[in-house]
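# Okay, sequence plus prediction incoming.
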Amino acid sequence: MSGPVPGPVSRASGPAPAARRELPAPAEDAGADPISATGLAVGYEGRSIVAGIDVTVRPQTSLALVGTNGSGKSTLLKTIVGLARPVAGSMTVFGKQPGSLPRRIAYLSQFHASGFALPLRAVEVVRMARYPELGLLGRMSSEDHDLVAAAMRTMGVDRFADQALRSLSGGQQQRVYLAQVLARRADLVVLDEPTAGLDAGAREIYLEAFAAELIRGAALVTATHDIEEAAEYDQVMLLARRVVALGPGREVLTPDALLETFGMFVRGSGPHGRFIVVDRGGREVDPREHIDPAD
């Protein structure tokens with residue numbers, strides 16, 4: 001992608017985003033990268049799903065994880081946020097063990113059971129983003145309310161604020177959860193299939209919103225099946241129970257690498273630079289239609 005802002009950006013017309021500005025590191029863990037992993041193996045109960053992961057994610061940069069069901073994408077995300085322990089090797093998040101600094105991280109998984117356990121309104125779900133800052137007995141300030149309202153406007157769900165979450169469509173619910181991530185104002189944003197259930201218009205809103213998160217200073221890690229979106233990231237990691245490739249999107253997403261990862265490959269670029277992905281028989285396919293459960 002040309003321009004000053006690597007990462008997922010909207011392809012819609014409009015003013016170009018501002019150049020990224022250098023932000024001072026927080027006082028704690030000053031200078032530590034959001035993610036640093038060396039010889040990392042991830043998995044469960046001591047069994048490795050993916051090994052040999054060496055990756056660094058710096059502030060204001062983006063990493064896309066691309067692979068099929070069982071390839072290790074969701075497991076790696078859970079390791080980053082401290083929900084799964086590394087099987088081998090080392091990983092630090094802002095210089096500390098994963099899970100040590102939850103206030104600096106926003107995580108959106110594929111499954112949102114909390115939204116259905118209680119009859120919550122959409123605005124109450126988004127307000128949860130501010131709870132780590134407030135503590136158990138803290139009260140929301142005017143700034144907290146402003147952040148919640150702004151996030152809901154950005155994702156176009158402010159008009160649903162007082163509706164029960166469970167009454168919304170799947171795509172509307174996903175936009176509410178993305179608004180929750182925005183309201184968190186985290187230093188590291190970790191998303192698992194964030195565009196699942198979104199229509200084309202909502203996808204463009206999402207891309208614009210999280211490009212702005214990069215400009216604000218956050219780092220972004222996303223698991224996605226969307227090859228076109230992944231191509232715009234600073235780094236892409238192709239996973240197939242091992243690291244097939246790691247590097248800039250347009251360099252990594254080669255026919256051979258995609259064939260090894262998906263059993264599909266890029267035949268070329270169509271109108272507007274859109275990737276044309278075909279299977280082994282030469283039939284055009286859309287990987288976004290083959291989103292599988294979490295790893």
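Yep, that arrived.
# what's the neighbour count on the closest residue to Glu193 other than its chain neighbours?
Using CB to CB, 6 or more residues apart in numbering and skipping residues adjacent in sequence, the residue nearest Glu193 is Gln110, 5.3 Å away. Any C-beta I mention is one placed from the backbone N, CA and C, and that applies to glycine too. Close neighbours of Gln110, defined as other CB atoms under 10 Å, add up to 17.
# Could you double-check that Gln110 sits in contact with Leu77?
No. The pair Gln110 / Leu77 is not scored as a contact, 9.6 Å apart, by CB atoms under 8 Å.
# Between those two, which contacts overlap?
Both Gln110 and Leu77 are contacted by Asp192, under the criterion CB atoms under 8 Å, 6 or more residues apart in numbering.
# so after the helix or strand harbouring Leu63, what's the next helix or strand?
Per DSSP states H and E: Leu63 is located in strand 62-67. As assigned by DSSP H and E, the chain's next helix or strand after strand 62-67 is helix 73-81.
# just checking, what packs against that following helix?
In terms of contacts (3 or more CB pairs under 8 Å, 6 or more residues apart in numbering; DSSP states H and E), helix 73-81 is packed against strand 35-44, strand 47-57, strand 62-67, strand 105-108, strand 188-192, strand 219-223.
# Residues contacting it, please?
Taking contacts as CB under 8 Å, 6+ apart, the residues outside helix 73-81 that touch it are 35, 40, 42-44, 49-50, 53, 65-67, 84-86, 91, 93, 98-99, 102, 105, 107, 109-110, 188, 190, 192, 221, 223, 239, 294-295.
# of those residues, buried ones?
Burial by neighbour count, judged by 16 or more other CB atoms under 10 Å, picks out 35, 40, 42-43, 49-50, 53, 65-67, 84-86, 91, 93, 98, 105, 107, 109-110, 188, 190, 192, 221, 223, 239, 294-295 from the contacts of helix 73-81.
# all helices for the stretch 101-250 of the chain, in order.
Counting by DSSP state H, counting those that start in this stretch, the segments of the stretch 101-250 of the chain that form helices are 114-117, 122-127, 131-134, 142-154, 170-184, 200-216, 227-230, 249-252.
# show me the contacts for Arg58.
Contacts of Arg58 by CB under 8 Å, 6+ apart are Asp33, Pro34, Ala219.
# Can you tell me which of the residues you listed is closest to Leu168?
The closest of the contacts of Arg58 to Leu168 turns out to be Ala219 (CB to CB; 29.5 Å).
# Please list all residues in contact with that closest one.
Pro34, Ile35, Val57, Arg58, Pro59, Gln60, Thr61, Ser62, Leu63, Asp187, Leu188, Val189 are the contacts of Ala219 under CB under 8 Å, 6+ apart.
# one more time with 7 Å, if that's ok
Going by CB atoms under 7 Å, 6 or more residues apart in numbering, Ala219 touches Pro34, Val57, Arg58, Pro59, Gln60, Thr61, Leu188.
# for Leu188, same thing?
Shown in contact with Leu188 (CB under 7 Å, 6+ apart): Pro34, Val93, Arg104, Ile105, Ala218, Ala219.
# rerun that using 8 Å as the cut-off
Leu188 is in contact with 34-35, 57, 80, 93-94, 104-106, 218-221, counting by CB under 8 Å, 6+ apart.
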